[in-house]
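In: Pasting the sequence and the predicted coordinates here, then a few questions.
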Amino acid sequence: MNWDQIKGNWKQYQGKARERWGKLTDDDLQAVDGKREQLVGKIQDAYGKSKEEAEREIDEFAASVG
């Protein structure tokens with residue numbers, strides 16, 4: 001699934017994102033509002049990952065929900 005589809009239906013995917021990245025709070029996920037770059041930053045902050053690692057995880061997440 002491409003990110004535009006996820007962004008357009010972000011409210012539906014928040015639960016799956018919460019399962020995937022349990023350290024992110026509901027407030028974090030609401031603040032992201034489907035914006036990929038903001039999600040990258042939240043994952044980096046919460047998990048201490050590099051931007052590349054966070055982006056790879058997001059790509060895997062997008063593929064798994066599609």
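Out: Cool, got the structure.

In: From here on, just use CA atoms for contacts and neighbour counts.
Out: Noted.

In: and the most centrally placed residue in the chain, what element?
Out: The residue lying closest to the centre of the chain (Cα atoms, centre = their mean) is L39, at 4.7 Å. According to DSSP states H and E, L39 maps onto helix 36-47.

In: Show me what that helix is packed against.
Out: For helix 36-47, the packing partners by 3 or more Cα pairs under 8 Å, 6 or more residues apart in numbering; DSSP states H and E come out as helix 26-32, helix 51-65.

In: The same query, at a cut-off of 10 Å, please.
Out: When contacts are defined as 3 or more Cα pairs under 10 Å, 6 or more residues apart in numbering; DSSP states H and E, helix 36-47 sits against helix 3-8, helix 26-32, helix 51-65.

In: sorry, back to before: excluding chain neighbours, give the residue nearest to the residue nearest to the centre of the chain in space.
Out: The shortest distance from L39 to any residue other than its chain neighbours is 5.7 Å, reached at V32 (Cα to Cα, 6 or more residues apart in numbering).

In: Please consider this matter closed, and thank you.
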